[in-house]
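A.B. asks: this one's structure only:
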């Protein structure tokens, strides 16, 4: 992990609902470097049926006619993705308070981007200079320039 000078540093969050990378670019046309020691941040990739492995509870009609399976009020997998976005928002808020970056770009799968918009505190939102609703989590770092060169001013 490097200590980036705030004046020129842009952080780029690339995320989906269970995986993220935060990369730093110290100045225009500079290479992207990991902003954290762990280059990849991961949440859960479990499917809803694995997260809620217990069978749903049962309810009975008041007249005693029959029983029905009760569904959980929210999809457990969707909830896990929302919590992952909350974790990312907290990490970004901490980095803002530490003065780690001057600008932030959010590049995320559409639902994750929506979650981040809802969860980011104003101190982080004030640093956002671009949002792209695209899932680039599987794109290797050296190939990101092909996808983001114009926006990020990357060496190609």
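C.D. replies: Looks like it came in fine. As the structure is a computational prediction, the values presented were derived from the model and not from experiment.
A.B. asks: residues contacting residue 108?
C.D. replies: Residues in contact with residue 108 (Cβ atoms under 8 Å, 6 or more residues apart in numbering) are 13-16, 116, 132-135. From N, CA and C alone the C-beta is placed, and that goes for glycine too.
A.B. asks: can you tell me which of those residues are buried?
C.D. replies: The neighbour-count test (16 or more other Cβ atoms under 10 Å) marks 13-16, 116, 132, 135 as buried among those.
A.B. asks: looking at the residues you listed, which are in helices?
C.D. replies: residue 116 (DSSP state H).
A.B. asks: make a markdown table from the buried ones among the contacts of residue 108 and add pLDDT to it.
C.D. replies: Listed next are these as a markdown table, based on pLDDT from 0 to 100:
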| residue | pLDDT |
| --- | --- |
| 13 | 96 |
| 14 | 97 |
| 15 | 97 |
| 16 | 96 |
| 116 | 97 |
| 132 | 92 |
| 135 | 94 |
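A.B. asks: nearest to residue 143 among the buried ones among the contacts of residue 108?
C.D. replies: If you rank the buried ones among the contacts of residue 108 by distance to residue 143 using Cβ to Cβ, residue 14 comes first, at 11.9 Å.
A.B. asks: fine by me, thanks again.
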